[in-house]
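Visitor: dropping the sequence and predicted coords here.
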Amino acid sequence: MKRWYAVIMVVLFVALATTVFAFGQKGTGSGPCGGPGMGMGHGAGMYANLNLTQEQQDKMWQAREKVRNDTSAARYEMFKKRAELKNLYADPNANDAAILAKQKEVNVLKQTMQDKMVQFKLAQRKILTPEQIKKIGESGYGPGMGKGMGRGMGPGAGAGAGPRVQ
């Protein structure tokens, strides 16, 4: 009988631990869509000292969700184009013109994403008070700093075979 209790306790512990790790920490920007490069915004450190009201926090979340939804298709296209470009670089038969054309496609998508991010940051500024905006400037944070969609705005090149493609 004691053996069954031990088995049940182990199963419950594993189930609880699995759900805790599956959900992670709320609001950290970590996870499949929120790691560095996809966190959408300035990062938790930037807003920690601004004393945002609940209404401001809700509006920030809504703005982040809006830009995430608005850019989902472009992010997917960027992922595909970067993979195609990587394959072109790895193809010994690919000509320079094909690689340059694909790079131009990536650049257009990158510019589109950057424009969306500027619009997102402007929307965030409208949520903050002038005093909060001033605090951001004093804190040393700036556009694109912290965990979030700062520079990469998507999956970047990491360790692995092939040239770095941006």
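Guide: That came in fine, so what should we check first?
Visitor: downstream neighbour of the longest helix anywhere in the chain in the secondary structure list?
Guide: When the chain is parsed with DSSP state H, its longest helix is helix 54-90. Heading C-terminal from helix 54-90, the first helix or strand you meet, by DSSP states H and E, is helix 96-127.
Visitor: could you check how far Lys135 is from Leu128?
Guide: Distance, Lys135 to Leu128, using Cβ to Cβ, to the nearest Å: 9 Å. Heads up, the C-betas are built off the backbone N, CA and C, glycines and all.
Visitor: then Ile99?
Guide: In terms of Cβ to Cβ, Ile99 sits 43 Å off from Leu128.
Visitor: who's more crowded, these two?
Guide: The neighbour comparison of Ile99 against Leu128 (other Cβ atoms under 10 Å) goes to Leu128, with 18 against 15.
Visitor: quick check: the more buried one touching Lys59?
Guide: No: using Cβ atoms under 8 Å, Leu128 makes no contact with Lys59, being 9.6 Å away.
Visitor: packing partners of the longest helix of the chain?
Guide: Identification of packing neighbours for helix 54-90 by 3 or more Cβ pairs under 8 Å, 6 or more residues apart in numbering; DSSP states H and E yields helix 96-127.
Visitor: any buried residues in the helix it packs on, and which?
Guide: Neighbour-count burial for helix 96-127 flags 102-103, 105-106, 109-110, 113, 116-117, 120-121, 123-124, 127 (criterion: 16 or more other Cβ atoms under 10 Å).
Visitor: and if you look at stretch 56-73?
Guide: Gln56, Lys59, Met60, Ala63, Arg64, Val67, Arg68, Thr71.
Visitor: report the two of the buried residues of helix 96-127 separated the most.
Guide: The largest separation in those, counting by Cβ to Cβ, is between Lys102 and Ile127 at 38.0 Å.
Visitor: which phi and psi values does Thr53 adopt?
Guide: phi -70, psi 170 (degrees, to the nearest 10).
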